[in-house]
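Engineer: Pasting the sequence and the predicted coordinates here, then a few questions.
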Amino acid sequence: MQGAVLKFYWDSILDDAGSSFSVTSTSTGDYALANMTNNLEVNRWKASSSATQNFIYEGTTTKEADYIAIAGHNLNTAGATLTLQASSSTAFAGEQSTLFIEAPSNDRVFLKEFTSPGQGIKSWKIILSGQTTACHISICSLGTRTELDYITPPFDPYGQEIKAQTNLTNGGYVTGIHTQYTERQMNIFLSNKTTSIYNKVKTWWETHQLKNFFVAWDITNDSTNIWLMRGDEKFNNPISVDQYRNITLSLIGRKE
């Protein structure tokens with residue numbers, strides 16, 4: 001049984017217009033810090049050394065957050081510990097609060113929910129410390145999560161399709177298989193949902209559209225079920241009765 005509502009983690013403050021996002025060091029080559037916030041897996045930020053790395057976000061206005069998610073990283077392999085801090089100023093001289101300190105247990109998607117420190121937070125600091133080699137990160141999202149509702153069954157959270165080329169003889173014998181990658185497929189149906197739920201989905205679609213984002217279908221029972229996915233090109237969620245909506249979402253993403 002699904003023990004938690006479907007959650008989307010897409011709304012990030014790190015790429016807000018007018019804000020400042022900096023880091024201690026960046027390796028030479030195509031490893032710019034901006035690679036972390038473009039929601040693409042094909043490029044990444046990389047540090048220039050194994051030294052402690054401080055990422056500092058400074059907003060033009062106060063910003064809240066209650067999650068951080070990271071994909072395409074080597075933090076476990078590098079032996080890094082991640083610390084997240086929030087400050088009402090830009091000093092980080094004792095006035096800040098520490099939200100959590102944790103060492104990722106593997107190099108798959110890392111997601112951490114935490115209690116928002118509330119309004120009045122202007123700066124955020126992500127610290128990577130203790131690593132023995134240079135860290136790299138492809139995607140990082142820090143912001144407020146979107147909680148939807150329980151998924152209407154039937155639903156297979158582990159739907160997959162192997163993308164491969166299979167060579168056959170004229171007689172149907174397999175002569176070779178070239179496997180490219182495995183694609184996750186999540187077909188989600190939320191039946192007769194309120195305008196509030198629909199507006200959350202609509203905001204995600206109109207704001208984020210086809211970009212990668214993080215999804216948790218049941219973070220209570222299995223916190224490892226956090227996947228990087230993207231939406232389908234279609235958006236059609238008809239009114240069912242009394243302004244309620246039948247919401248259908250098709251998500252796909254590369255399996256790690």
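Structural biologist: In hand now; what should we look at?
Engineer: doesn't Ala134 make contact with Ala80?
Structural biologist: No. Ala80 is not in contact with Ala134 according to C-beta atoms under 8 Å; the separation is 10.1 Å. All C-beta spots, glycine's among them, are computed from the backbone N, C-alpha and C.
Engineer: These two: which is more packed in?
Structural biologist: Ala80 (23 against 17; other C-beta atoms under 10 Å).
Engineer: For that one, give me its contacts.
Structural biologist: 103-104, 128-131, 135 (C-beta atoms under 8 Å, 6 or more residues apart in numbering).
Engineer: Go again with 10 Å.
Structural biologist: Each residue near Ala80 by C-beta atoms under 10 Å, 6 or more residues apart in numbering is listed here: 47, 50, 52-53, 73-74, 103-104, 127-133, 135.
Engineer: Excluding chain neighbours, give the residue nearest to Asn106 in space.
Structural biologist: Asn76 (5.1 Å; C-beta to C-beta, 6 or more residues apart in numbering).
Engineer: For that neighbour, what are phi and psi?
Structural biologist: phi -70, psi -50 (degrees, to the nearest 10).
Engineer: go on, Asn199?
Structural biologist: phi -60, psi -30.
Engineer: neighbours of it, just the number please.
Structural biologist: 11.
Engineer: Shouldn't Leu14 be within a helix?
Structural biologist: No. Leu14 is assigned coil when assessed by DSSP: H, G, I helix; E, B strand; the rest coil, not a helix.
Engineer: OK, contacts around it?
Structural biologist: 21, 33-34, 36-37, 55, 57, 59, 63, 65, 68, 124, 126, 140-143.
Engineer: again with Ala51
Structural biologist: Counted by C-beta under 10 Å, 6+ apart, Ala51 has contacts 24-25, 128-129, 131, 134-135.
Engineer: What subset of these is buried?
Structural biologist: Listed as buried from those are 128, 131, 134-135; burial here means 16 or more other C-beta atoms under 10 Å.
Engineer: With secondary structure added, can I get those in TSV?
Structural biologist: Below are these laid out as TSV (three-state DSSP):
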residue	secondary structure
Leu128	strand
Gln131	coil
Ala134	coil
Cys135	coil
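Engineer: my guess is the residue nearest to Asn106 contacts Pro104, does it?
Structural biologist: Yes. The criterion here is C-beta atoms under 10 Å, and Asn76 meets it with Pro104 at 4.7 Å.
Engineer: Comparing those two, which residue is more hemmed in?
Structural biologist: Pro104 (20 against 14).
Engineer: doesn't Asn74 make contact with the more buried one?
Structural biologist: Yes. Counting by C-beta under 10 Å, Asn74 is a contact partner of Pro104 at 9.4 Å.
Engineer: Tell me the secondary structure at Gly3.
Structural biologist: Quick answer, by three-state DSSP: Gly3 is coil.
Engineer: Ignoring the adjacent residues along the chain, who's closest to it?
Structural biologist: Thr220 (3.9 Å).
Engineer: go on, Ser87?
Structural biologist: Gln96 (4.0 Å).
Engineer: returning to that earlier point: what do Asn76 and Pro104 both touch?
Structural biologist: With C-beta under 10 Å, 6+ apart as the test, Asn76 and Pro104 both reach Phe110.
Engineer: Check the burial of the residue nearest to Ser87 by counting its neighbours.
Structural biologist: 18.
Engineer: Can you show me the CA trace of stretch 191-209 as PDB?
Structural biologist: What follows is stretch 191-209, C-alpha atoms only, in PDB (Å, rounded to 0.1, in the frame of the first residue of the first chain):
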ATOM      1  CA  SER A 191      -8.800  10.400  -9.900                       C
ATOM      2  CA  ASN A 192     -11.400  13.200  -9.000                       C
ATOM      3  CA  LYS A 193      -8.900  15.600  -7.500                       C
ATOM      4  CA  THR A 194      -9.700  19.100  -6.200                       C
ATOM      5  CA  THR A 195      -8.800  22.300  -7.900                       C
ATOM      6  CA  SER A 196      -6.000  22.700  -5.300                       C
ATOM      7  CA  ILE A 197      -4.300  19.500  -6.500                       C
ATOM      8  CA  TYR A 198      -4.900  20.300 -10.200                       C
ATOM      9  CA  ASN A 199      -3.400  23.800  -9.800                       C
ATOM     10  CA  LYS A 200      -0.200  22.300  -8.300                       C
ATOM     11  CA  VAL A 201       0.100  20.100 -11.400                       C
ATOM     12  CA  LYS A 202      -0.700  22.900 -13.700                       C
ATOM     13  CA  THR A 203       1.900  25.200 -12.100                       C
ATOM     14  CA  TRP A 204       4.600  22.400 -12.500                       C
ATOM     15  CA  TRP A 205       3.700  21.900 -16.100                       C
ATOM     16  CA  GLU A 206       3.500  25.500 -17.100                       C
ATOM     17  CA  THR A 207       6.700  26.500 -15.200                       C
ATOM     18  CA  HIS A 208       9.000  23.400 -15.600                       C
ATOM     19  CA  GLN A 209       7.500  21.700 -18.700                       C
END
